[in-house]
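Peer 1: No letters, just coordinates:
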Ligand code: SF4
């Protein structure tokens, strides 16, 4: 997995993610009585480093409740008979990794060569299950993302088969972005050419750091020199956008090392890069190693916020275009479509064990047990484990989340598009966030400051929770 965690992973990780919430109400354990203040940030402090105690773990947003298992099938049939409307993406999950990177909470299965063909066969079978259903066959799919895990771990012939099957079984838009996520270790010319033959036009590669010592301590195998060689090779085909993920906040990663990571990525003249903050989860090998004193601690919040700010400055100086708060483009080849659309309200057709999809706001989760997933597919059934109905304001909340992900939100436009009055409801909250240095109000447009950008996950979640409470109270009045 590259660090492009994005929606699919947030949904899968949600149950185990620590709820690190800086607000007193969450930590107190007392009965939650509603007060406006619990949505507020700290005032009178440096907002970049101290607006909150920590980042709120993202969750899938405001849901409308679980469909009881006995009703799932009938519910699904109705959904599948409807053609998809609006934007759509597809997510193809490949759960294998050749090593377990220490920081990763998504490691699922070790890779074996024999499993590659078997798994690819099963995925192709799953792609066929809904082939004749309106929800799969009608309406263009604008972006496909092969994520994991490590899709580039698959054998070359399986990568090509899988990509071709996706093109055969999903109605891809003419300008569909087809991303293969992976790592550069064990990704040589045969696999690269297989991906091109299958139609891949974007690679998202988890470099994380160019520093060999940090890379190898974290379980990434290739050295800095090897990473550069592979990137050069991939670029030399001149057929796809090449993007790398970088992470800031690793143990031993000083500010100088971080700035060198960005400079190294810039020097490789790629199409874009994504910069993510390291989240250390207690159950990961990294969390345990730090706790046991085997590794120095990762960066604390003030250091992470300084690294975030330094990254923004460096990329702006290098004239990268900002596609979202974490995604940067150098060339016009990089569009970052999947990530932008999946954060909004796009439908998502999902395949593979544990993959999460969404049809018109109805969120579903595939069976995450690898064996059970295979058995279900073999029996000709979509291996679905959970179905959740959407909140009546699903599209509105997703529009709020997508806007803040870009760093600004036009309240008048949201009101027009979704018929929801928010300007007066949000005023006290936005005034407080403005005093705290997190947002600027430019007429009806809310713009996140640099500090607000660093705390965007908190602002987005708090705003959605606040709006949900306020709008639901108005409805029930
Ligand atoms: S390659 Fe490493 S970071 Fe990616 S999913 Fe596997 S263990 Fe996690």
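Peer 2: Right, received. Where do you want to start? In this text the structure is predicted, and so the values were computed from the model without any measurement.
Peer 1: Got the domain ranges for the chain?
Peer 2: 21-54+393-476, 65-343 (automatic domain parsing).
Peer 1: Show the average pLDDT along the last one.
Peer 2: Spelled out, it's domain 65-343. Average pLDDT, domain 65-343: 96.
Peer 1: For the one helix or strand residue 357 maps to, name the packing helices and strands.
Peer 2: Using DSSP states H and E, residue 357 maps to strand 356-359. Counting contacts by 3 or more Cβ pairs under 8 Å, 6 or more residues apart in numbering; DSSP states H and E, strand 356-359 packs against helix 6-13, strand 347-351, strand 362-366. The C-beta positions use only the backbone N, C-alpha and C, and glycine is treated the same way.
Peer 1: any idea of the mean pLDDT for the helix or strand following the last one?
Peer 2: Following strand 362-366 in sequence order, the next helix or strand is helix 370-378 (DSSP H and E). Helix 370-378 shows a mean pLDDT of 96 in the predicted model.
Peer 1: just to revisit the earlier point, which stretch in the helices and strands packed on strand 356-359 has the least confidence?
Peer 2: For the helices and strands packed on strand 356-359, where the average pLDDT is lowest is helix 6-13, sitting at a mean of 44.
Peer 1: Residue 178 contacts residue 144, correct?
Peer 2: Yes. With contact defined as Cβ atoms under 8 Å, residue 178 reaches residue 144; the gap is 4.9 Å.
Peer 1: shared neighbours of these two, anything?
Peer 2: Common neighbours of residue 178 and residue 144 (criterion: Cβ atoms under 8 Å, 6 or more residues apart in numbering): 166, 172.
Peer 1: tell me how far stretch 87-96 is from the chain's mean position?
Peer 2: Here the centre of stretch 87-96 is set off from its chain's centre by 12 Å, with Cα atoms, centre = their mean, to the nearest Å.
Peer 1: My error: substitute stretch 173-186 in the last question.
Peer 2: 15 Å.
Peer 1: and it, which residues are buried?
Peer 2: Residues of stretch 173-186 classed as buried: 176, 177, 178, 179, 180, 181, 182, 183, 184, 185 (neighbour count, 16 or more other Cβ atoms under 10 Å).
Peer 1: Stretch 115-133 too?
Peer 2: Of the residues in stretch 115-133, those buried (16+ other Cβ under 10 Å) are 115-116, 119-124, 126-127, 129-130, 133.
Peer 1: These in helices, which ones?
Peer 2: Applying DSSP state H to the buried residues of stretch 115-133, the entries found in helices are 115, 116, 119, 120, 121, 122, 123, 124, 126, 127, 129.
Peer 1: where does the third one sit relative to residue 357, distance-wise?
Peer 2: From residue 119 over to residue 357 the distance is 19 Å, taken as Cβ to Cβ, to the nearest Å.
Peer 1: So which residues of the stretch 51-200 of the chain form strands?
Peer 2: For the stretch 51-200 of the chain, the strands defined by DSSP state E, counting those that start in this stretch occupy 63-66, 88-94, 96-97, 109-110, 141-148, 172-182.
Peer 1: and of those strands, who's closest to the ligand?
Peer 2: strand 96-97 (3.1 Å; Cβ to the nearest ligand atom).
Peer 1: Make sure residue 45 is indeed in a helix.
Peer 2: No. Assessed by DSSP: H, G, I helix; E, B strand; the rest coil, residue 45 does not belong to a helix; its assignment is coil.
Peer 1: Tell me the one among the buried residues of stretch 173-186 nearest to residue 231.
Peer 2: Distance from residue 231 was checked for each of the buried residues of stretch 173-186 by Cβ to Cβ. The minimum falls on residue 184, at 7.0 Å.
Peer 1: list the contacts for the closest one?
Peer 2: Contacts of residue 184 (Cβ under 8 Å, 6+ apart): 205, 207, 222, 226, 227, 230, 231.
Peer 1: Apart from its neighbours in sequence, what residue is nearest it?
Peer 2: Nearest residue to residue 184 in three dimensions, chain neighbours excluded: residue 230, at 4.0 Å (Cβ to Cβ, 6 or more residues apart in numbering).
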